[in-house]
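Undergrad: 3D model of this:
(one chain, ligands or ions: 1)
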Amino acid sequence: MAGMFLASTLVGALVYHRLITHESTSSTFFLQLATLLLVVTPVLILYKLVVYPRFVSPLRHLPKPDQGPLRQRLLKRQLSAEELDAWIKHVPNDGLIRYHGVLNKEEILITSKDAVQECLRSKASDYNRTPLNRGVLASLTGPTSLFVSTGDIHKVGRKKTAPFFQPKHMKELYPMFGEVGRILSDALVGANANAGDEKTPGGGSAVEVASMFQKATLDAIGHAGYGQSFRAIEDPSNEFVKTYIRAFSPELWPRRAALLAFFDRQTVDKLLSFSKNNQGLLKGMQYVKDHGRELIRQRQQDVEKDSEKSPLGNDMLDISLKAGVFSNDELVDIFTTFLLGGHETSASSLTWTIFHLSQDKDLQRRLRSEIRENVRPPSSAPITAETLDNLPLLNGVLKESLRLYPIIRTLRREVSAKKGTTLLGQYVPFGTLISIPIWSINRDQSRWGSDAQEFKPERWIEDPAHGGAGDAWDEMTFSQGTRHCIGEGFARSELLVLLAVLVGRLEFEFVGTGRTQSSLETDPKKHGVRTTVVSRIAGGLWVNVREVDGW
Ligand code: HEM
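TA: Here you go, the predicted structure:
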């Protein structure tokens, strides 16, 4: 539409220049073009902001919430999961709600299961991740990664990488996760002992655990992917860990992300070539990939030299070398994708679980008893899937935490079918942004009952598959359909083991949330949420950690 307006402005300027003024200097032509642009631009803006949504848009008859006057809507940033939830509850609708997002752009909020299934399964090829998400993810992982690719390339990519996540391999990872959990629990005990001079508002001292969980999940992916730990917990200042955490930290991305919403990667790199921050990001990303390439090369060399001494094992690198279907560059992109997909997500999920448990000592005690009665500590025997997978309360607590605290609270899509598509029979034009409210679906009373907002592990003990809800589409933490999380099995196994080892050995007591000990928010209900793609507790989670004797 904007292109049409600009083209007609240009044609208008030419016609005016040739037929009416009969003048031929280029300076008068540009003056006329500028004058016409000055007239056309406000008309275009008026059309886009007021006329189109009110009188032209095919979505104009859908129910919509009251979002206040235009000037308020224009300044609005991305809407929170709670705001979307309030509309779902209060705007009468038949599965779709129309609202205005960033810069007043029309968007659709999906509220019914049928519409979610159309969008993610039956018509999934008509939708794509948003340009912003695709741009950021392509910068980090490469254009052919699972996050970014579409159509047949995506299908082939999923087929080729699925063997990494077979349930059999996930079970083989339990002892490794147990060892990471043991090292993490040692580090937490040490950190609590050295909790520093700064006191919390209540007078005690505390440990910020979210950043330690991030290091643990980074190490777990290192082991599972490349067959070796990055030693992020034991040696957080090593070059790889420092570079990875700096370059991949979402806080450093806002400027790049904003530009990636409008331009392709190469253009963004040119536009930001002056920025030290961006140069640091690019160098960091390159360093992480080069490090991965070197680990792959070393392993290939070891196996070529002496395959008896260095037989291929069961980490993802070994599995891929056995399969022999990937080039080294592809492998680097795949492992960077897994690092990115599986590091922050699992760490945040664990943080939310401990956030809840640290406020419920009784549940912690019951969970610890179950673990201690059935599992030997990882310092004396490897943790196995056979023991943990059958513990009802442990599995119930993890599933309930993933339901109540989904770290991707809203799934975003954009209509990518050039001719548009339909949702529940409603025509939806190309480029329309869609929100799928994972947070609301997971807490919806019509699916989960009147106690939907309560933390009740028992619902999963009674119904381990669906927690008393209808089916898998009622719990969307890992999404569903053709692009659902490929690492779900990995994440569930990892979190189950880490939770068992941490609660088996330690007691957590909530102290507060925030950036520094002395300015903590000590009322857990007032915690802030920081959402980039993943939702985290703003400023971190501070707890007292106590070792409980006897395990
Ligand atoms: C608690 C942990 C995790 C949660 C809650 C989670 C959640 C999700 C969600 C909701 C999606 C869909 C996103 C979208 O469609 O826009 C997704 C996709 C994905 N996840 Fe996860 N994830 C987790 C852990 C992992 C792990 C451990 C890995 C890899 C080792 C991983 C790799 C991926 C990949 C590659 C995709 C893209 C799949 C595709 O487009 O085909 N995730 N994840």
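Undergrad: going forward, measure contacts between C-alpha atoms and count neighbours the same way
TA: Fine.
Undergrad: residue 285: what's it in contact with?
TA: 140, 244, 247, 248 (CA atoms under 8 Å, 6 or more residues apart in numbering).
Undergrad: give me phi/psi at the last one?
TA: In other words, residue 248. Main-chain torsions, residue 248, degrees, to the nearest 10: phi -100, psi 10.
Undergrad: number of nearby residues for it?
TA: Using other CA atoms under 10 Å, residue 248 has 18 neighbouring residues.
Undergrad: any idea how far it is from the ligand?
TA: Noted for residue 248: a distance of 15 Å to the ligand, by CA to the nearest ligand atom, to the nearest Å.
Undergrad: how near is that residue to residue 344?
TA: In this view, residue 248 and residue 344 are 10 Å apart by CA to CA, to the nearest Å.
Undergrad: the third one too?
TA: Distance of residue 247 to residue 344, given as CA to CA: 13 Å.
Undergrad: over to the first one?
TA: Relative to residue 344, residue 140 is positioned 14 Å away (CA to CA).
Undergrad: pick out whichever of these two has more residues nearby.
TA: More crowded of residue 140 and residue 344, by other CA under 10 Å: residue 344, with 26 against 21.
Undergrad: check what pLDDT that one gets.
TA: On pLDDT, residue 344 comes in at 90.
Undergrad: tell me which helix or strand the residue nearest to it when sequence neighbours are not counted sits in.
TA: Of all residues not flanking residue 344 in the chain, residue 214 sits nearest, at 6.3 Å (CA to CA, 6 or more residues apart in numbering). Here residue 214 sits within helix 210-226, counting by DSSP states H and E.
Undergrad: just the C-alphas of that helix, formatted as CSV.
TA: What follows is helix 210-226, C-alpha atoms only, in CSV (Å, rounded to 0.1, in the frame of the first residue of the first chain):
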residue,chain,number,x,y,z
ALA,A,210,18.6,-17.7,38.1
SER,A,211,22.1,-16.9,36.8
MET,A,212,23.5,-20.1,38.3
PHE,A,213,20.7,-22.2,36.7
GLN,A,214,21.7,-20.6,33.4
LYS,A,215,25.2,-21.9,33.8
ALA,A,216,24.0,-25.4,34.6
THR,A,217,21.7,-25.6,31.6
LEU,A,218,24.6,-24.3,29.4
ASP,A,219,26.8,-27.1,30.7
ALA,A,220,24.1,-29.7,30.2
ILE,A,221,23.7,-28.7,26.5
GLY,A,222,27.5,-28.7,26.1
HIS,A,223,27.6,-32.3,27.4
ALA,A,224,24.6,-33.5,25.4
GLY,A,225,25.7,-31.7,22.2
TYR,A,226,29.4,-31.8,22.0
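Undergrad: and after that helix, which helix or strand comes next?
TA: Counting by DSSP H and E, the next helix or strand C-terminal to helix 210-226 is helix 239-247.
Undergrad: other SSEs contacting that next one?
TA: helix 276-305 (3 or more CA pairs under 8 Å, 6 or more residues apart in numbering; DSSP states H and E).
Undergrad: by how many degrees do the helix it packs on and helix 210-226 diverge?
TA: 40 degrees (axes from the mean of the first three to the mean of the last three CA atoms, to 10 degrees).
Undergrad: now helix 276-305 against helix 239-247, angle please.
TA: Using the same axes, to 10 degrees: helix 276-305 against helix 239-247 is 140 degrees.
Undergrad: got the end-to-end distance for stretch 402-413?
TA: With CA to CA, one end of stretch 402-413 sits 22 Å from the other.
Undergrad: who's in contact with that stretch?
TA: 81, 127-130, 345, 348-349, 352-353, 433-439, 442-443, 453, 455, 475-477, 533-536.
Undergrad: may I see the buried residues of it?
TA: For stretch 402-413, the neighbour count (16 or more other CA atoms under 10 Å) marks 402, 403, 404, 405, 406, 407, 408, 409, 410, 411, 412, 413 as buried.
Undergrad: nearest to residue 93 among these?
TA: residue 410 (18.9 Å; CA to CA).
Undergrad: quick one, grab the pLDDT at that closest one.
TA: 96.
Undergrad: isn't residue 447 up against residue 473?
TA: No. If you go by CA atoms under 8 Å, residue 447 and residue 473 don't touch, sitting 10.0 Å apart.
Undergrad: and these two? which has more neighbours close in?
TA: residue 473 (19 against 16).
Undergrad: against residue 264, how distant is the more buried one?
TA: Relative to residue 264, and taking CA to CA, residue 473 is found at 34 Å.
Undergrad: tell me which residues touch residue 367, please.
TA: 393, 394, 503, 504.
Undergrad: can you pick the most crowded of those residues?
TA: Most surrounded of the contacts of residue 367: other CA under 10 Å gives residue 504, at 26 neighbours.
Undergrad: quick one: low-confidence ranges for this protein?
TA: Residue ranges of the chain with pLDDT under 70: 1-26, 29, 76, 250-254, 261, 307-313.
Undergrad: contact residues of it facing the ligand?
TA: 129, 146-147, 337-338, 341-342, 345-346, 349, 407-408, 411, 477-479, 483-488, 490-491 (CA under 6 Å from any ligand atom).
Undergrad: tell me the buried residues within those residues.
TA: 129, 146-147, 337-338, 341-342, 345-346, 349, 407-408, 411, 477-479, 483, 485-488, 490-491.
Undergrad: in the stretch 101-250 of the chain, which spans are strands?
TA: Along the stretch 101-250 of the chain, counting by DSSP state E, counting those that start in this stretch, strands occupy 106-110, 127-128, 207-208.
Undergrad: who does the last one pair up with?
TA: It stands for strand 207-208. Strand pairing for strand 207-208, using DSSP bridges, gives strand 541-547 (antiparallel).
Undergrad: chain center to the strand it pairs with: distance?
TA: For strand 541-547, the separation from the chain centroid amounts to 26 Å (computed by CA atoms, centre = their mean, to the nearest Å).
Undergrad: for stretch 102-111, same thing?
TA: The answer for stretch 102-111 is 20 Å, by CA atoms, centre = their mean.
Undergrad: contacts for that stretch next, please.
TA: Against stretch 102-111 from outside (CA under 8 Å, 6+ apart): 49, 53, 70, 73-78, 84, 88, 94-101, 116, 432-437.
Undergrad: then stretch 207-215?
TA: In contact with stretch 207-215 (CA under 8 Å, 6+ apart) are residues 184, 188, 191-192, 195, 232-233, 236, 343-344, 347-348, 350-351, 540-545.
Undergrad: out of the residues you listed, which are buried?
TA: Among the contacts of stretch 207-215, the ones that count as buried (16+ other CA under 10 Å) are 184, 188, 191-192, 195, 232-233, 343-344, 347-348, 350-351, 540-545.
Undergrad: nearest residue to the residue of the stretch 151-300 of the chain found nearest the ligand in space, please, no chain neighbours.
TA: With CA to the nearest ligand atom as the measure, residue 158 is the residue of the stretch 151-300 of the chain nearest to the ligand, at 6.2 Å. In this structure, residue 158 finds its nearest non-sequential neighbour in residue 146, 7.0 Å apart by CA to CA, 6+ apart.
Undergrad: quick check: buried residues in stretch 142-162?
TA: For stretch 142-162, using 16+ other CA under 10 Å, the buried residues are 142-150, 154, 157-158, 161.
Undergrad: among these, which lie within helices?
TA: Mapping the buried residues of stretch 142-162 onto helices (DSSP state H) picks out 154, 157, 158, 161.
Undergrad: what's the farthest-apart pair in those residues?
TA: 154 and 161 (10.6 Å).
Undergrad: where along the stretch 1-150 of the chain do the helices fall?
TA: For the stretch 1-150 of the chain, the helices defined by DSSP state H, counting those that start in this stretch occupy 2-15, 26-46, 70-74, 81-90, 113-117, 131-141.
Undergrad: residues touching the closest residue to residue 451 other than its chain neighbours, list them.
TA: Leaving aside its sequence neighbours, residue 451 sits nearest to residue 445 (CA to CA, 6+ apart; 7.2 Å). Contact analysis of residue 445 by CA under 8 Å, 6+ apart lists 451, 452, 453.
Undergrad: this completes my enquiry, with thanks.
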